[in-house]
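Peer 1: Turn this into a structure:
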Amino acid sequence: MATIQTLDDIRKSLEKHLGKNIILKADKGRKQVITKKGILEKLYPSVFVVKIENENSGFSRVSYSYSELLTSSVKLQVYKQNNALV
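Peer 2: Got it, this is the predicted structure:
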């Protein structure tokens, strides 16, 4: 039950940053980490969606679960108004 409460707390904290610019760092395994800039676009009960800026094709979207934030396989950093990280 504590895990459900923690995941709910993560979702509530992300609601404050909905629509803001973020840096996403995702662990892809075997020491591979991808770092992308994007916008926190939507929140759902189990996952959140990030709109990623691609140089070639405009935008793409990726989704991650809140448990990936809990286990630190995905990390988010939020930009302030003047593009400084929070």
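Peer 1: Give the full set of residues in contact with Leu18.
Peer 2: Shown in contact with Leu18 (C-beta atoms under 8 Å, 6 or more residues apart in numbering): Leu40, Glu41, Lys42, Leu43. All C-beta spots, glycine's among them, are computed from the backbone N, C-alpha and C.
Peer 1: Hmm, the first one is touching Lys16, no?
Peer 2: Translated: Leu40. No. In this structure, Leu40 is not within contact of Lys16 by C-beta atoms under 8 Å, at 9.9 Å.
Peer 1: For these two, indicate the residue with more neighbours.
Peer 2: Leu40 (21 against 9; other C-beta atoms under 10 Å).
Peer 1: so where's this protein shaky on pLDDT?
Peer 2: Within the chain, the stretches with pLDDT under 70 are 1-5, 81-86.
Peer 1: 80 - rerun?
Peer 2: In the predicted model of the chain, residues 1-5, 54-58, 80-86 satisfy pLDDT under 80.
Peer 1: Work out which residue lies at the spatial centre of it.
Peer 2: By C-alpha atoms, centre = their mean, the mean C-alpha position of the chain lies nearest to Leu76, the distance being 4.9 Å.
Peer 1: Okay, the closest residue to that one other than its chain neighbours and Lys31: tell me how far apart.
Peer 2: Once flanking residues are discounted, Leu76 sits nearest to Ile22: 5.2 Å by C-beta to C-beta, 6 or more residues apart in numbering. Distance of Ile22 to Lys31, computed by C-beta to C-beta, to the nearest Å: 23 Å.
Peer 1: In terms of neighbours, single out the busier of these two.
Peer 2: Legend: neighbour count by other C-beta under 10 Å for Ile22 and Lys31, higher for Ile22 (20 against 6).
Peer 1: Packing partners of the helix or strand containing the more buried one?
Peer 2: When elements are defined using DSSP states H and E, Ile22 is found to belong to strand 21-29. Counting contacts by 3 or more C-beta pairs under 8 Å, 6 or more residues apart in numbering; DSSP states H and E, strand 21-29 is packed against strand 32-43, strand 47-54, strand 74-78.
Peer 1: Columns distance to Ser65 on top of those, output as a markdown table?
Peer 2: Compiled in a markdown table, the helices and strands packed on strand 21-29 are given as follows (distance: least, C-beta to C-beta, whole Å):
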| stretch | distance to Ser65 |
| --- | --- |
| strand 32-43 | 12 |
| strand 47-54 | 5 |
| strand 74-78 | 9 |
